[in-house]
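*Asks:* sequence and predicted structure below; questions after.
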Amino acid sequence: MPPTQSLLSELRALPRAFWVLFAGMFINRFGTFVYPFLTIILHRRGFSYGDIGLAVSAFGLGGLGAALVGGWFADRFGRRNAIALGTCAHAIFTFLLWWAQTLPAIMLCASLAGFMGGFFGPAGSALVADLVPEPLRLRAYSALRLAINAGFAFGTATGGFLVNHSAFWLFAGDALTTAAYGLLAFWLLPHGLRHGRAQARWSEAFARLRRDRRFWALVVAQFCAGAIMLQSTSTYSLEVAGRGLMVTFFGWRPSPEELFGLLIAWNGVLIVLCELPLTRVLQRFVPQHVMGVGYLLLGGGFALTALPGGLGLLFAAMTVSTAGEMLAIPMGSTFVARISPPSMRGRYMGVLGTAWSAASVFAPQLGLRLYGVQPALVWLGCGALGIVAAVTLWRFGDCEPD
């Protein structure tokens, strides 16, 4: 059905605690300096592409089971406690990453940071479903993505400056902003739904999850989408730098690292400006159909990067992939919130988060190795993954649980 309230009225109807979560996620994502620039930093330290791939993949390896543990913790002990614990621990391990010099030490700190980063994610998604009535959830999840992407856009642009002037503050700033989110959550957020030991057992959740084919279709599609999007923080920076672009904006000639930051920032600017109004149109369509189109555009945008061209081509490709992201990603969280039982929301979100963690284990490593052989293979592979995601969701996304 078409929306009956104005966008501003719907945003005003969201509860106060939601806006605390909004502010916390903006602060946290503004300070996400380390992960996008870790490839560049390690390359400067003399590590090979293979070693860099191992280091970046360690984030995903550490987070592989984190969403499952964090989702259970959020269901059992409350969303607020999961966010506060995860963010503060993540801040510590991110800061320690600066001092790690050998590959084993870097991988250890990255895996621990990845675990704690994945630990608190499901709690925030579940808390939105706890606080916000269903008719407003798509709007709420889109608003959170606005906070996340606005923070990431401004933060990445800031990181592009810091990486060339004071790399230490990439790590210190990341740690401080993540800890600030944790403290904000601890003092101002409610616990959300909490359940007794019997309700929080994994056995019942797995029994339901096993029968829910529409959920598993989304998990597969999200894995593919994650593998595509993670190239933006691994191989994509090398692609931008490798093109040797020389452009001037009003007398300013940005470095390759700063151009990379601007392209990532463009992704965030588009989401900030367009996603919330777009959701008012999208909510009248079948979610699975919208997400499928989004996956095609997401993969197609990255596939365009295989073409030769300058900065205009890169901005056009980023625009197409961002359009796909806006169609697919907020709908996914809304879809899971609708189909999951209230007592299992954290674990449903946790399993969905595991798809992203699994992608972050394999995608950077495989992407960097393919990039070393032939860069075009990475971008054409992204296009193929977008097709797989869309077909999977269209084929199985409408199946009811057995």
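*Replies:* That came through, no problem.
*Asks:* pLDDT weak spots in this protein?
*Replies:* Applying pLDDT under 70 to the chain flags the ranges 1-5, 156-157, 160, 193-206, 245, 247-252, 397-402.
*Asks:* 50 instead, please
*Replies:* For the chain, the stretches with pLDDT under 50 are 1-3.
*Asks:* which parts of the stretch 101-250 of the chain are helices?
*Replies:* Ranges of helices in the stretch 101-250 of the chain, per DSSP state H, counting those that start in this stretch, are 103-119, 121-131, 137-165, 167-188, 202-211, 213-229, 235-242.
*Asks:* what's the closest of these to Phe315?
*Replies:* Minimum separation from Phe315 across the helices of the stretch 101-250 of the chain (Cβ to Cβ) falls at helix 235-242, 11.1 Å. Placement of C-beta: from N, CA and C, glycine included.
*Asks:* and the closest one with helix 213-229, angle?
*Replies:* Comparing the axes of helix 235-242 and helix 213-229 via axes from the mean of the first three to the mean of the last three Cα atoms, to 10 degrees yields an angle of 20 degrees.
*Asks:* which residues touch helix 235-242?
*Replies:* When contacts are defined by Cβ atoms under 8 Å, 6 or more residues apart in numbering, helix 235-242 is touched by residues 36-37, 39-40, 43, 256-257, 259-260, 263, 305, 314, 364, 367-368, 370-371, 375, 378-379.
*Asks:* got a quick PyMOL command for the buried subset of the residues you listed?
*Replies:* This is the PyMOL syntax for the buried subset of those, where burial follows 16 or more other Cβ atoms under 10 Å:
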select buried, resi 36+37+39+40+43+256+257+259+260+263+305+314+364+367+368+370+371+375+378+379
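*Asks:* helices - which of the contacts of helix 235-242 land there?
*Replies:* 36-37, 39-40, 43, 256-257, 259-260, 263, 314, 364, 367-368, 370-371, 375, 378-379 (DSSP state H).
*Asks:* let me see the contact set for Ala328.
*Replies:* Counted by Cβ under 8 Å, 6+ apart, Ala328 has contacts 221, 225, 290-291, 294-295, 298.
*Asks:* related to what we said a few turns ago, wait, which of the helices of the stretch 101-250 of the chain is closest to Gly332?
*Replies:* Closest of those to Gly332 is helix 213-229, at 6.1 Å (criterion: Cβ to Cβ).
*Asks:* give the other helices and strands that that closest one contacts.
*Replies:* Helix 213-229 sits against helix 287-304, helix 311-339, helix 345-373, helix 375-396, with contacts defined as 3 or more Cβ pairs under 8 Å, 6 or more residues apart in numbering; DSSP states H and E.
*Asks:* make a markdown table out of these and add distance to Ser237.
*Replies:* Putting the helices and strands packed on helix 213-229 into a markdown table (distance: least, Cβ to Cβ, whole Å) gives the following:
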| stretch | distance to Ser237 |
| --- | --- |
| helix 287-304 | 14 |
| helix 311-339 | 12 |
| helix 345-373 | 11 |
| helix 375-396 | 12 |
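*Asks:* and of those helices, who's closest to Ala180?
*Replies:* helix 345-373 (22.2 Å).
*Asks:* tell me what angle the closest one forms with helix 121-131.
*Replies:* 140 degrees.
*Asks:* report the buried residues of helix 345-373.
*Replies:* Per 16+ other Cβ under 10 Å, helix 345-373 contains these buried residues: 345-368, 370-372.
*Asks:* got the contact list for Ala150?
*Replies:* 26, 29, 268, 271-272 are the contacts of Ala150 under Cβ under 8 Å, 6+ apart.
*Asks:* any idea how far it lies from Ala389?
*Replies:* Going from Ala150 to Ala389 by Cβ to Cβ, to the nearest Å gives 26 Å.
*Asks:* and Gly71, by the same measure?
*Replies:* Separation of Gly71 from Ala389 (Cβ to Cβ): 22 Å.
*Asks:* CA atoms only for stretch 129-147, dumped as PDB, please.
*Replies:* What follows is stretch 129-147, C-alpha atoms only, in PDB (Å, rounded to 0.1, in the frame of the first residue of the first chain):
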ATOM      1  CA  ALA A 129      12.600  -4.700  15.600                       C
ATOM      2  CA  ASP A 130      11.800  -4.600  19.400                       C
ATOM      3  CA  LEU A 131      11.300  -0.800  19.500                       C
ATOM      4  CA  VAL A 132       9.700   0.000  16.100                       C
ATOM      5  CA  PRO A 133       6.200  -1.200  14.900                       C
ATOM      6  CA  GLU A 134       6.200  -3.100  11.700                       C
ATOM      7  CA  PRO A 135       4.800  -0.400   9.400                       C
ATOM      8  CA  LEU A 136       7.700   1.900  10.300                       C
ATOM      9  CA  ARG A 137      10.500  -0.700  10.300                       C
ATOM     10  CA  LEU A 138      11.600  -0.300   6.700                       C
ATOM     11  CA  ARG A 139      11.900   3.500   7.300                       C
ATOM     12  CA  ALA A 140      13.800   2.800  10.600                       C
ATOM     13  CA  TYR A 141      16.300   0.500   9.000                       C
ATOM     14  CA  SER A 142      16.800   2.900   6.100                       C
ATOM     15  CA  ALA A 143      17.300   5.700   8.600                       C
ATOM     16  CA  LEU A 144      20.000   3.700  10.300                       C
ATOM     17  CA  ARG A 145      21.700   3.000   7.000                       C
ATOM     18  CA  LEU A 146      21.600   6.800   6.500                       C
ATOM     19  CA  ALA A 147      23.500   7.200   9.800                       C
END
